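Peer 1: no sequence for this one, just the structure:
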């Protein structure tokens, strides 16, 4: 008890109280609405849950065993990993190229910048509805363009072979603007002296880009890759609106699958197990990326 | 002295008026949640009329608050609200959601005597929607039929040399008419399909628009209509194969339909599909706005979907929503009273007549306007062949599996046999998992 009193006195004397008071609302809300539900999800994953009856039946790892044997979950997991593995590098590279373009001066630069950024501030659902029509094989914009170019129309969202690619194209479009803005900020922080020195040494613009810009942007790239990876692994709304996971589960992703299990089939324990697996994957990928990418950080 | 008197009178007036005002306020407010949008079975939704429950409210000193929820997430919202014990007193829910709600013990049951009276008074198709097995009822079905019908464009039938007042009766006729009705551009691409098929989006929607063929051929989704748990799928057989093959033949042999017209109703209303099968009420509700030149009876007709061969019994999907009361309702007695009021014979008649819906009571069908309304009579004829989905807890998984197999087969990504075998495995697994 004395130690507690001592700690409280110390906090008071050092004016820590103000700091704790200021962060308390956020910490409490975060704990209530993020941490507690997450812990409860982990807990539910080893139970058969009847939520309204408030009945929990302990079943050990049965949910996890069932999940691994479930071809729909396995396909959703593979789709999620493909989605993330494609969208993150494609969106990152395109964003970097665009950011480099936008660091140069040219007419209507700000307008183009706004155009590229606009998808970021557009509701994903609203944008996905518009894209659903653009992908329409009969009346959609994409097939009209293909027709003008004398190319065969594509089934886009209607085909199991193309639907995931179509969703990825939409998601790249949606995330590009945000990544571009982060890169522009990163580029503005790169000291010009390195470029000037390299120019004097006769380095070409491409060489300077590869040897100076890219390495010095490593912290920005790390942030963009981790941030995009986390969101890509949690993809839901664009898939829900564009394809509902079809055709034939070809675009089903883990979050959509767990949503179906929880809110269509009322298998809350099973859905919690799926959420737990996704949580572990995101954690492992993020930690791995963070540790690995720190090797490429450059101090200047 | 005079001043005090004035103040006293004013205070008395304020108190008196205030008390009468408060006394006149409804003692109870009950809330009814319904799906906002194009799901109510009639040209206009009665829920959009704030006076729908007015006589009931006046008689019972209660207010019925009608709240529209987003249809796509309504089931989840209801469940979350029930878990939080902050749910509406009356919920108007899709019958296919009921099994999940029953699993969680969420719904109140109607007293058996009340259920018995209701089942004896309403038409047979309404009995099918009301009865959850052995006369058990959890609520009252909606007014208006949510039944699937074959609809056709009469002008296009005439132009193709077909009888505009008769839809195809058998699968052979459907294929023959489909071929005659399809139109192509100079390059040979279909610009109008004879018959539009649904093969994208929610698997449930795909199965909804395929059930007529499966059932017509003698197959089924699950063997027992009323069992909540257990059972097995009934489509990995000759019936399932012939139903899938019918559409495949129209796609690949007759080439009179296409995967490029993914929304049958929209295609029909745009005039780029001559026939389609979906909820009749949706065509009825959307046609005046979207296809004003194609009015009911002279512009479009409807019939029960065709059968494999002459003499077979047609079957079509009979969907439905029910008014029910969750156990967590705060004013459950008043809630039951309100929906029982809406379901009296007299109100069934007046509400149906006012909103252009079909009644539920057998006796009301003998009255005007229903007796001589061509659309209502056509619906009644189709509804006789209506079949509802089974109650099984595994139904969602079965529909996901069958929906995926339909897509694989029609998209040419699996043979009919492979697709059905895979769907049967997944469907049976879903039934087993749901029963745990």
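Peer 2: Sure thing, it's come through. No experiment lies behind these values; they were computed from the predicted model shown. Residues are numbered from 1 along each chain as shown, chains lettered A, B, ... in the order given.

Peer 1: so residue B:277 belongs to a strand, correct?
Peer 2: Yes - the assignment for residue B:277 is a strand, going by DSSP: H, G, I helix; E, B strand; the rest coil.

Peer 1: so what's it up against?
Peer 2: With contact set as CB atoms under 8 Å, 6 or more residues apart in numbering or on different chains, residue B:277 has these partners: B:148, B:149, B:150, B:151, B:209, B:212, B:264, B:305, B:316. Using the backbone N, CA and C atoms, a C-beta is placed for each residue, glycine as well.

Peer 1: isn't the third one right next to residue B:300, touching?
Peer 2: No - no contact is recorded between residue B:150 and residue B:300 when judged using CB atoms under 8 Å, the distance being 10.7 Å.

Peer 1: which stretches of the chain form strands?
Peer 2: The chain I'm using is chain A. Assigned by DSSP state E, the strands in chain A fall at A:47-50, A:55-58.

Peer 1: not quite, I wanted chain B
Peer 2: In chain B, the strands defined using DSSP E lie at B:28-36, B:62-70, B:90-94, B:139-141, B:146-153, B:183-184, B:190-195, B:220-222, B:233-234, B:273-279, B:300-303, B:316-319, B:321-324, B:386-387.

Peer 1: do you know which of these lies nearest residue A:89?
Peer 2: Nearest of the strands of chain B to residue A:89, taken as CB to CB: strand B:62-70 at 35.8 Å.

Peer 1: pull up the pairing partners for the closest one, direction included.
Peer 2: Strand B:62-70 sits in its sheet next to strand B:28-36 (parallel), going by DSSP bridges.

Peer 1: residues of the stretch 201-300 of chain A that sit close to chain B?
Peer 2: Residues of the stretch 201-300 of chain A lying near chain B by CB under 8 Å from any CB of the partner chain: A:243-244, A:246-249, A:260, A:263-267, A:270.

Peer 1: and chain B, which residues reach chain A?
Peer 2: Residues of chain B found near chain A, taking CB under 8 Å from any CB as the criterion, are B:75-76, B:79, B:82-83, B:100, B:103-106, B:199-203, B:259-262, B:272, B:393, B:396-397, B:400, B:403-405, B:407-408, B:411, B:413, B:426, B:429-430, B:433-434, B:436.

Peer 1: now do 7 Å
Peer 2: Contact residues (CB under 7 Å from any CB of the partner chain) of chain B with chain A: B:75-76, B:79, B:82-83, B:100, B:103-106, B:200-203, B:259-262, B:396-397, B:404, B:407-408, B:411, B:413, B:426, B:433-434, B:436.

Peer 1: please pick the buried ones from those.
Peer 2: Among those, those scoring as buried are B:75-76, B:79, B:82-83, B:100, B:103-104, B:106, B:200-203, B:259-262, B:396-397, B:404, B:407-408, B:411, B:413, B:426, B:433-434 (criterion: 16 or more other CB atoms under 10 Å in any protein chain shown).

Peer 1: measure residue B:161 to chain A for me?
Peer 2: Separation of residue B:161 from chain A (CB to the nearest CB, to the nearest Å): 26 Å.

Peer 1: run through the stretch 1-150 of chain B and note the low-pLDDT ranges.
Peer 2: B:1-3, B:5, B:12, B:15-27, B:37-44 (pLDDT under 70).

Peer 1: just the helices in it please.
Peer 2: B:2-24, B:54-60, B:71-83, B:98-103, B:112-121, B:124-130 (DSSP state H, counting those that start in this stretch).

Peer 1: including distance to residue A:205, could the ones you listed go into a markdown table?
Peer 2: Below are these laid out as a markdown table (distance: least, CB to CB, whole Å):
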| stretch | distance to residue A:205 |
| --- | --- |
| helix B:2-24 | 80 |
| helix B:54-60 | 76 |
| helix B:71-83 | 51 |
| helix B:98-103 | 61 |
| helix B:112-121 | 81 |
| helix B:124-130 | 72 |
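
Peer 1: tell me where the stretch 201-350 of chain B has helices.
Peer 2: Using DSSP H, counting those that start in this stretch, the helices found in the stretch 201-350 of chain B span residues B:203-208, B:211-216, B:238-248, B:264-270, B:280-290, B:332-342, B:345-355.

Peer 1: looking at these, which is buried most?
Peer 2: Comparing these by mean neighbour count (mean count of other CB atoms under 10 Å in any protein chain shown), helix B:211-216 comes out on top with a mean of 25.

Peer 1: reformat the helices of the stretch 201-350 of chain B as TSV; add distance to residue A:64 and mean pLDDT.
Peer 2: Shown next, in TSV, are the helices of the stretch 201-350 of chain B (distance: least, CB to CB, whole Å; pLDDT from 0 to 100):
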stretch	distance to residue A:64	mean pLDDT
helix B:203-208	25	92
helix B:211-216	35	97
helix B:238-248	33	96
helix B:264-270	41	94
helix B:280-290	42	91
helix B:332-342	40	94
helix B:345-355	51	94
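
Peer 1: how far away is residue B:181 from chain A?
Peer 2: Per CB to the nearest CB, residue B:181 is found 17 Å from chain A.

Peer 1: so what's that residue up against?
Peer 2: Each residue near residue B:181 by CB atoms under 7 Å, 6 or more residues apart in numbering or on different chains is listed here: B:156, B:160, B:194, B:274.

Peer 1: make CSV from the residues you listed and add pLDDT and neighbour count to it.
Peer 2: Shown next, in CSV, are those (pLDDT from 0 to 100; neighbours: other CB atoms under 10 Å in any protein chain shown):
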residue, pLDDT, neighbour count
B:156, 97, 21
B:160, 97, 17
B:194, 97, 28
B:274, 97, 29
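
Peer 1: let me know the closest of these to residue A:225.
Peer 2: Nearest to residue A:225 among these: residue B:194, at 51.2 Å, using CB to CB.
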